[in-house]
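Enquirer: predicted coordinates and the sequence they were generated for:
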Amino acid sequence: MLVAAAVCPCPPLLVPDVAAGAAPELDAARTACADAVGVLAAARPDLLIVIGPAEQDGRGPHPAGTTGSFRGFGVDVDVTLGAGAGQERPLPPSLAVGAWLLARAQWDVPVEGLGVGEPLEGDRCVAVGRGLGARAERVALLVMGDGSACRTLKAPGYLDERAAGFDQQAARALGAADVEALKALDESLAYELKAAGRAPWQVLAGAAEGAGLAGQLLYDDAPYGVGYFVAAWS
């Protein structure tokens, strides 16, 4: 059963070495992420699963010990997801950011990763989440994903007037641990707005069914025109 979840954004810029001189701009987001990850640790899970959006080559399970790198972003920084034998296939960027967040805390529980395709249908996301929630007696999820990338003219997806409303709906659902509201997120609109967090959030919704968790929104902002949210469920 799901006993705790942390929702964090997944831009590589969260890693200070990647952000370089712009690192202070995301200090508040990093602090909120650390607080959310602390909620996972306090829940004493038997299994921790990191979920994040992934391209085709990064989708599917990533066992403990799998490595990731930020060398593609110009810095010599490598990360490892938990402790184990791992696999040759590297972590997708979203899970690499998750591994970096986890490395800042002390963990003595099994850690796994799951890369989720952005177009994955909502019903399938929920079904995947139900399966994850049944993996152990006490399951915790670190859910990586961004909101819309269309909040400003300089955003990666340019300005879309629908973006602010979509992000408000998502932030409200994440902050309230509202499973049904997360299931109701419009997957077509999310795709148009480049909201890569939609599928991971709906996996979370499936895992959280019947868990009775309460939520708290720790961060809600759109630096660089992209919606970033941090929430803790326990």
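Expert: Received, thanks.
Enquirer: nearest residue to the middle of this protein?
Expert: In the chain, the residue lying closest to the centroid (CA atoms, centre = their mean) is Met144, at 0.8 Å.
Enquirer: just the pLDDT at that residue, thanks.
Expert: If you check Met144, the pLDDT there is 98.
Enquirer: now Ala184
Expert: Looking at Ala184, the pLDDT reads 98.
Enquirer: tell me, how many neighbours does it end up with?
Expert: When neighbours are counted by other CB atoms under 10 Å, Ala184 registers 13. To be clear about C-beta, it is placed using only N, CA and C from the backbone, and glycine gets the same treatment.
Enquirer: the one 5 residues further on now?
Expert: Burial of Leu189, expressed as a neighbour count using other CB under 10 Å, amounts to 17.
Enquirer: 886 is where my numbering starts, stick with that
Expert: Happy to do that; since the first residue is 886 now, the last one works out to Leu1074.
Enquirer: if I look at it, how far off is Ala1099?
Expert: Note on Leu1074: its distance to Ala1099, by CB to CB, to the nearest Å, is 27 Å.
Enquirer: check Leu899 too.
Expert: From Leu899 over to Ala1099 (counting by CB to CB), the distance is 25 Å.
Enquirer: ok, Pro1085 next?
Expert: From Pro1085 to Ala1099 the distance is 20 Å (CB to CB).
Enquirer: looking at the two, which is more packed in?
Expert: Each of Pro1085 and Ala1099 had its neighbours counted (other CB under 10 Å), and the higher figure belongs to Pro1085 (31 against 9).
Enquirer: looking only at pLDDT, what's the mean for the helix or strand hosting that one?
Expert: Per DSSP states H and E: Pro1085 is located in helix 1083-1093. Here helix 1083-1093 scores 98 as its mean pLDDT.
Enquirer: then it to CSV, C-alphas only?
Expert: Taking C-alpha atoms only, helix 1083-1093 is exported to CSV below (Å, rounded to 0.1, in the frame of the first residue of the first chain):
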residue,chain,number,x,y,z
ARG,A,1083,0.7,14.3,-16.5
ALA,A,1084,1.4,10.6,-16.9
PRO,A,1085,3.5,10.2,-13.7
TRP,A,1086,0.9,12.1,-11.7
GLN,A,1087,-1.8,9.8,-13.0
VAL,A,1088,0.3,6.8,-12.1
LEU,A,1089,0.4,8.3,-8.6
ALA,A,1090,-3.3,8.6,-8.6
GLY,A,1091,-3.7,4.9,-9.3
ALA,A,1092,-1.2,4.0,-6.5
ALA,A,1093,-3.0,6.2,-4.0
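Enquirer: show me what secondary structure element comes after the lowest-mean-pLDDT helix or strand in the chain.
Expert: Within the chain, no helix or strand scores below helix 901-904, which has a mean of 93 by mean pLDDT, DSSP states H and E. Of the helices and strands lying after helix 901-904 in sequence (DSSP H and E), the nearest is helix 912-927.
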